[in-house]
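In: fold the following for me, if possible:
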Amino acid sequence: MSTTTAEVHEEHLSKEELEALAHPKRPLKARIGVVLSYVGMAAIVLYCIIPFYWMVVSSLRLPTEGQSTELIPSPMSIANYQGVFSAQNNFGRSLLNSVIVAGTTTILTLLFGIIGAYALARLRFRGKVAVLWLIMACSMFPLVVLLPPLLKLFSSTEPFTWFPYWINTYQSVIIPGLSFGLPLAVWNLTAFFKQLPVELEQAAMVDGCTPGVAFRKVILPLAAPGVFTTAIIVFIGAWNEFLLALTFLQDASRQTATVAISKFTGTTGFDTPYGTIMAAGVLVTVPLLVAVLIFQRRIVAGLTAGGVK
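Out: Prediction:
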């Protein structure tokens, strides 16, 4: 009866009224909010893109036009990229060092972070919250505060003569890097493991799996977005690390890419090779941008894990 009444009522409505019912207008405040959100997103994109665009443009200029302000270089040249890989700069070796340091830091962070996060998410013991906050507190110390004692420790000076000499070794950068990557990994992965039903593991163990096999074949694949997101974030942080590498890796053959870029010199040794520095910056940044763009879905899924759905 009500349906028939509604149909009869619609027959008496004009075309404009039916269109208004099908597509109701948003209130003025809602429309203003949408416009402001788009303006804000555009501002954020420009804020991030413009510096990178300027870096690319500066890298394509002639080496003699490093301080030019043209928006589009004319003529374009790859001479700066050729200069990056000159024997004087030894940038190829520095890139390899960055891959070794960042890759090892990421692998170790994931190894210990997954174990710690899974224990905090599944095990029941007193002080679990305090342990989690203690882990997070380890990342709150400023790096500048930690450098003097670490330098004294790694140099095997008094009173740390018992400690091995770690200056100019990869572990002098990797081990301190774990103190900043591990809290992030544990915090992120704990939230991800908590949202996975414990019944999945119980069902796997009923079918004959051991707890280790259930974790490896059931839980870990489901936690792949969170693990992948953590790996990307930790790798980017280790790849961009500068202060630790500058302090502990004094040998040119062990320096990472960020330190090598800071020590680029011009043809005379006194001028600043802006174009070459910009070209090296592009070479260091592009792989990270490509990786983030390729795996952006997994990154978003990992970052939103544990949130309110």
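
In: in the helix or strand containing Ile277, which residues are buried?
Out: In the assignment (DSSP states H and E), Ile277 maps to helix 274-294. If you call a residue buried by 16 or more other C-beta atoms under 10 Å, then helix 274-294 has these buried ones: Tyr274, Gly275, Thr276, Ile277, Met278, Ala279, Ala280, Gly281, Val282, Leu283, Val284. For every residue, glycine as well, the C-beta is placed using N, CA and C.

In: do the same with stretch 112-131
Out: Gly113, Ile114, Gly116, Ala117, Tyr118, Leu120, Ala121, Arg122.

In: ok, and the closest non-adjacent residue to the first one?
Out: Take Gly113 and drop its neighbours on the chain: the residue closest to it by C-beta to C-beta, 6 or more residues apart in numbering is Ala185, 2.9 Å away.

In: how far away is that neighbour from Pro197?
Out: With the distance defined as C-beta to C-beta, to the nearest Å, Ala185 ends up 22 Å from Pro197.

In: with Phe85 instead?
Out: Look at Phe85 and Pro197: by C-beta to C-beta, they are 52 Å apart.

In: who has more neighbours out of those two?
Out: In this view Phe85 and Pro197 are compared by other C-beta atoms under 10 Å, and Phe85 has more residues nearby, 15 against 10.

In: export the buried residues of stretch 112-131 to CSV and tack on pLDDT and distance to Ala79?
Out: Formatted as CSV, these follow (pLDDT from 0 to 100; distance: C-beta to C-beta, whole Å):
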residue, pLDDT, distance to Ala79
Gly113, 91, 44
Ile114, 91, 46
Gly116, 88, 49
Ala117, 89, 48
Tyr118, 88, 52
Leu120, 87, 53
Ala121, 85, 54
Arg122, 84, 57
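
In: narrow these to those in helices?
Out: Gly113, Ile114, Gly116, Ala117, Tyr118, Leu120, Ala121, Arg122 (DSSP state H).

In: tell me the one of the residues you listed nearest Leu96?
Out: Gly113 (25.3 Å; C-beta to C-beta).

In: in this structure that closest one contacts Val186, no?
Out: Yes. Counting by C-beta atoms under 8 Å, Val186 is a contact partner of Gly113 at 5.2 Å.

In: for the residue lying closest to Cys209 once chain neighbours are set aside, give me the pLDDT.
Out: With sequence-adjacent residues excluded and distances taken as C-beta to C-beta, 6+ apart, Cys209 is closest to Lys217, at 7.0 Å. What the model reports for Lys217 is a pLDDT of 85.

In: Lys217 and Ala204 touch, don't they?
Out: Yes. Between Lys217 and Ala204 there is a contact under C-beta under 8 Å: 7.3 Å.

In: out of these two, which sits in the busier spot?
Out: Neighbour count, other C-beta under 10 Å: between Lys217 and Ala204, Ala204 has more, with 18 against 11.

In: run the chain-centre distance for the helix or strand hosting that one.
Out: Per DSSP H and E, Ala204 falls inside helix 198-206. Helix 198-206 has its average C-alpha position 33 Å from the chain's average C-alpha position, going by C-alpha atoms, centre = their mean, to the nearest Å.

In: and the next helix or strand after that helix, how far out from the chain middle?
Out: The first helix or strand that comes after helix 198-206 along the chain, using DSSP H and E, is helix 211-214. Helix 211-214 has its C-alpha centroid displaced from the chain centroid by 30 Å (C-alpha atoms, centre = their mean).

In: and helix 211-214, what does it pack against?
Out: Applying 3 or more C-beta pairs under 8 Å, 6 or more residues apart in numbering; DSSP states H and E, we find helix 211-214 packed against helix 198-206.

In: show me the contact partners of the helix it packs on.
Out: Residues from elsewhere that reach helix 198-206 (C-beta atoms under 8 Å, 6 or more residues apart in numbering): Arg122, Pro211, Val213, Ala214, Phe215, Lys217, Val218, Ile219, Leu222.

In: of those, grab the buried ones for ChimeraX.
Out: Buried subset of the contacts of helix 198-206, written as a ChimeraX selection, criterion 16+ other C-beta under 10 Å:
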select :122,214,215,218,219
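
In: now the contacts of helix 198-206 as CSV including distance to Ser58?
Out: Output for the contacts of helix 198-206, formatted as CSV (distance: C-beta to C-beta, whole Å):
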residue, distance to Ser58
Arg122, 51
Pro211, 55
Val213, 54
Ala214, 54
Phe215, 49
Lys217, 50
Val218, 50
Ile219, 48
Leu222, 45
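
In: brilliant, that's me finished.
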